[in-house]
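Enquirer: Have a look at this prediction, sequence included:
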Amino acid sequence: MHRMDYSVMTDSTSPEVAVDAHDSIRAIQWEDGRLRLLDQRRLPFEECYLHPADVAEVAAAIRDMVVRGAPAIGITAAYGLVLAARRRYAQSPAGWRDRLAEDIRTLAAARPTAVNLAWALRRMERHGAALVGDPVDGLLAEARRIHAEDLAANRRMGEHGAGLIAAGDSVLTHCNTGSLATGGYGTALGVIRSAWRAGRLNRVFAGETRPWLQGARLTAWELTRDRIPVTLITDNAAAYLMQSGQVQWVIVGADRVTANGDVINKIGTYSLAIDCRHHGVRFMVAAPRSTLDFSLDDGGAVEIEQRSADEVLNLAGRRIAAEGAEAWNPAFDVTPAGLVDYLVTENGVIAAPDAAKLAALKS
Ligand code: MRU
């Protein structure tokens, strides 16, 4: 990553997108033939953009969490393939397609759990197969479409999800599911954005999301930047928050939803769903159709990313655990469909999702 061109951001908004006071952040941009990624490892203290120059750097940006969140990973990989095609076509106008296959494998291996990565790469590959001559413009157009469709899907999910929320309700969310995790607006945070805009929300709570602190570092940054007040809790305060009657909803995103409605999402989501059922708090999952994986019957077969023990043993570069302690660090967990009250996609709301109801969304 150190070879990447580096610039300090002066303005968090992109000129290419319409924004307002509650929606001002775009973490992925394509500008002047370059991919620009807001470096999420450095938030909330520094706002810097990286410009990955080739597939190896894009894959490293995904693996090292410069960019993270299921849809954002897919969109970044799509733009990464544009960079790859530019290089491969310059190297070999006749053989670029075969060489691109290797780049697709490199990107696909960057992180295993979010299905949006494989989905976006498949879509780019299919689109590339039909192109004649220099493929760069055609692939860039497809990457931009994937990006724009995600933004549009998020806005629609926002409206659908917010429609479920009654005036005066409060919500707890987990991880970061906002503009930082998507093409813009967000999945669960998009629902929260829309509900806030509509004046329905009393209070937004965010779990800090150990160990990477997506809640404390990213969601708190994103919401305060977009003028939506947020109250942080430690992850282990969630059950007590529910018992105290302060939240009516938990709203989360997903990295993958399998054919039966099982939800694979940030570690801790499963605990929240169990806590919700016990306390009568409603559990909503907001996920675009690009996150649905009909190739798997249920969540049991999904590869759960295991991340470095260092993320648990250290904090901000400093060891916090006793010397000699080991750590288990799964990045995601599987919430059984039976614990999900509502699944919200861009197509609408599914109450108590199951295989039969999800099948209607199969394209
Ligand atoms: O490890 P991360 O930060 O990539 O995990 C992100 C999540 O778990 C999100 O909840 C998920 O991608 C859905 S948000 C659009």
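Expert: Great, that's in hand. Numbering: from 1, shown residues only.
Enquirer: The strand or helix carrying residue 59 and the ligand, are they touching?
Expert: Using DSSP states H and E, residue 59 falls within helix 55-63. No - legend: contact between helix 55-63 and the ligand by C-beta under 6 Å from any ligand atom is lacking; minimum distance shown is 9.0 Å. All C-beta atoms are positioned from the backbone trio N, CA, C, and that covers glycine.
Enquirer: Tell me which residues touch residue 95, please.
Expert: residue 88 (C-beta atoms under 8 Å, 6 or more residues apart in numbering).
Enquirer: same thing with residue 129?
Expert: residue 97.
Enquirer: interface residues of the chain facing the ligand?
Expert: So the chain meets the ligand at 68-71, 114, 175, 177, 181-182, 187, 214, 253-255, 265-266, 331 (C-beta under 6 Å from any ligand atom).
Enquirer: quick revisit: what's the helix holding residue 59 packed up against?
Expert: With contacts defined as 3 or more C-beta pairs under 8 Å, 6 or more residues apart in numbering; DSSP states H and E, helix 55-63 has these neighbours: helix 70-91, helix 96-108.
Enquirer: wait, which of those is closest to residue 163?
Expert: Of all those, the one in closest proximity to residue 163, counting by C-beta to C-beta, is helix 70-91 (21.5 Å).
Enquirer: can you tell me the average pLDDT over that closest one?
Expert: For helix 70-91, mean pLDDT is 97.
Enquirer: Restricting to C-alpha, output it in PDB.
Expert: The C-alpha trace of helix 70-91 is given here as PDB (Å, rounded to 0.1, in the frame of the first residue of the first chain):
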ATOM      1  CA  ALA A  70     -20.100  -5.600   1.200                       C
ATOM      2  CA  PRO A  71     -21.400  -3.400  -1.600                       C
ATOM      3  CA  ALA A  72     -18.400  -1.000  -1.400                       C
ATOM      4  CA  ILE A  73     -16.100  -4.000  -1.800                       C
ATOM      5  CA  GLY A  74     -18.000  -5.100  -4.900                       C
ATOM      6  CA  ILE A  75     -18.000  -1.600  -6.500                       C
ATOM      7  CA  THR A  76     -14.300  -1.200  -5.800                       C
ATOM      8  CA  ALA A  77     -13.500  -4.500  -7.400                       C
ATOM      9  CA  ALA A  78     -15.500  -3.500 -10.500                       C
ATOM     10  CA  TYR A  79     -13.400  -0.300 -10.900                       C
ATOM     11  CA  GLY A  80     -10.300  -2.400 -10.100                       C
ATOM     12  CA  LEU A  81     -11.100  -4.500 -13.200                       C
ATOM     13  CA  VAL A  82     -11.200  -1.400 -15.300                       C
ATOM     14  CA  LEU A  83      -7.700  -0.600 -14.200                       C
ATOM     15  CA  ALA A  84      -6.800  -4.200 -15.000                       C
ATOM     16  CA  ALA A  85      -8.300  -4.200 -18.400                       C
ATOM     17  CA  ARG A  86      -6.500  -1.000 -19.300                       C
ATOM     18  CA  ARG A  87      -3.200  -2.600 -18.500                       C
ATOM     19  CA  ARG A  88      -4.000  -6.000 -20.100                       C
ATOM     20  CA  TYR A  89      -5.300  -4.500 -23.300                       C
ATOM     21  CA  ALA A  90      -2.100  -2.300 -23.600                       C
ATOM     22  CA  GLN A  91       0.000  -5.400 -23.000                       C
END
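Enquirer: Just the buried positions in that helix, please.
Expert: Buried residues in helix 70-91, counted by 16 or more other C-beta atoms under 10 Å: 70-89.
Enquirer: Over to stretch 261-278?
Expert: 261-273, 275-276.
Enquirer: cool, and stretch 316-334?
Expert: Going by neighbour count (16+ other C-beta under 10 Å), the buried part of stretch 316-334 is 329, 331, 332, 333, 334.
Enquirer: Give me the subset of those residues lying in strands.
Expert: Counting by DSSP state E, those place 332, 333, 334 in strands.
Enquirer: what's the closest residue to the last one other than its chain neighbours in contact with, if anything?
Expert: Of all residues beyond its chain neighbours, the one nearest residue 334 is residue 299 (3.7 Å), with distances taken as C-beta to C-beta, 6 or more residues apart in numbering. The contact partners of residue 299, by C-beta under 8 Å, 6+ apart, come to 256, 258, 260, 262, 263, 264, 334, 335, 336.
Enquirer: repeat that for 6 Å
Expert: 258, 262, 264, 334 (C-beta atoms under 6 Å, 6 or more residues apart in numbering).
Enquirer: Thank you, goodbye.
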